[in-house]
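[1] Quick one, structure for this:
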Amino acid sequence: MLKPRFAINVYTIGGLVFLVVGAGLVVMSQAVPLSSFVTLPMGGGFGLIGVIWTVLAGRRGSLREPRGLAQSGQRTTARLAAVQATGSVSRTSEYGPIASQVFRLDLELVHPARGPVTVRVFRSLRGPQVLSAVQGTEVPVAVDPANPRRIAILWDQVALAPRDQAIAQQVMHALGHQFPAGPGFGV
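    Numbering: from 1, shown residues only. Below is the predicted model of the structure:
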């Protein structure tokens, strides 16, 4: 299974800052004898937080689809072998805060250069995308022929079941959003 590569993001930078501050406190505890009772445990704690943040940020990777890959990548289909909700994120837009669910998706696909491969990606999904993320579902994807980890899932081309489509329309209407038009989204 190909897992996401290490990604530079806010948590990685924060983790590195905690590591540097923790190392500085440990060094200071050794240089200033009377401060070691306070700075040594603080330095260890900061260092531990830094390690945890850096490791977790590297495991998560990017939550968005790779830019431009939907247009330039090779088209194929992938089967969602495993779908697991791992948390949620929120961001602020001009209409206020928007919450989305973070999913770990294991995709089984035939890569143009490598043949059959299973790739694990993390994606931030909301609205109809969440209803489409069902284990066993076939989804259209665009794949980078040089790097099988770079996959763009073409959610706008996934057809929803009629019951799920009605639920998605009700939710989007309740939130004041216009339901997107496209394949799988009836008007």
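[2] Do me a favour and average the pLDDT over the top helix by length along the chain.
    The single longest helix within the chain, with elements called by DSSP state H, is helix 36-60. Predicted confidence along helix 36-60 averages 81 (mean pLDDT).
[3] pLDDT below threshold where in the protein?
    Along the chain, the model assigns pLDDT under 70 to residues 1-10, 57-63, 90, 127-128, 131, 160-187.
[4] biggest strand in it by residues?
    strand 74-93 (DSSP state E).
[5] that older thread, counting contacts, what elements does the longest helix of the chain pack onto?
    Applying 3 or more C-beta pairs under 8 Å, 6 or more residues apart in numbering; DSSP states H and E, one finds that helix 36-60 contacts helix 10-31. To be clear about C-beta, it is placed using only N, CA and C from the backbone, and glycine gets the same treatment.
[6] got the angle for the helix it packs on vs helix 36-60?
    Counting by axes from the mean of the first three to the mean of the last three C-alpha atoms, to 10 degrees, helix 10-31 lies at 160 degrees to helix 36-60.
[7] elements contacting helix 10-31?
    Using 3+ C-beta pairs under 8 Å, 6+ apart as the contact criterion, the elements in contact with helix 10-31 are helix 36-60.
[8] Check which element follows the helix it packs on along the chain.
    helix 69-72 (DSSP states H and E).
[9] close enough to count as contact, residue 112 and residue 75?
    No: with contact defined as C-beta atoms under 8 Å, residue 112 does not reach residue 75; the gap is 9.7 Å.
[10] how about residue 104, secondary structure?
    strand (DSSP: H, G, I helix; E, B strand; the rest coil).
[11] How many neighbouring residues does it have?
    Residue 104: 18 surrounding residues under other C-beta atoms under 10 Å.
[12] Is it bridged to anything, and to what?
    residue 84, residue 122 (DSSP bridges).
[13] In contact with it, which residues?
    Shown in contact with residue 104 (C-beta atoms under 8 Å, 6 or more residues apart in numbering): 82, 83, 84, 86, 120, 121, 122.
[14] Would you confirm that the fifth one contacts residue 105?
    Right, the one you point to is residue 120. Yes: counting by C-beta under 8 Å, a contact exists between residue 120 and residue 105, whose distance comes to 7.2 Å.
[15] Between the two, which is the more surrounded one?
    Per other C-beta under 10 Å, whichever of residue 120 and residue 105 has more neighbours is residue 105, with 21 against 17.
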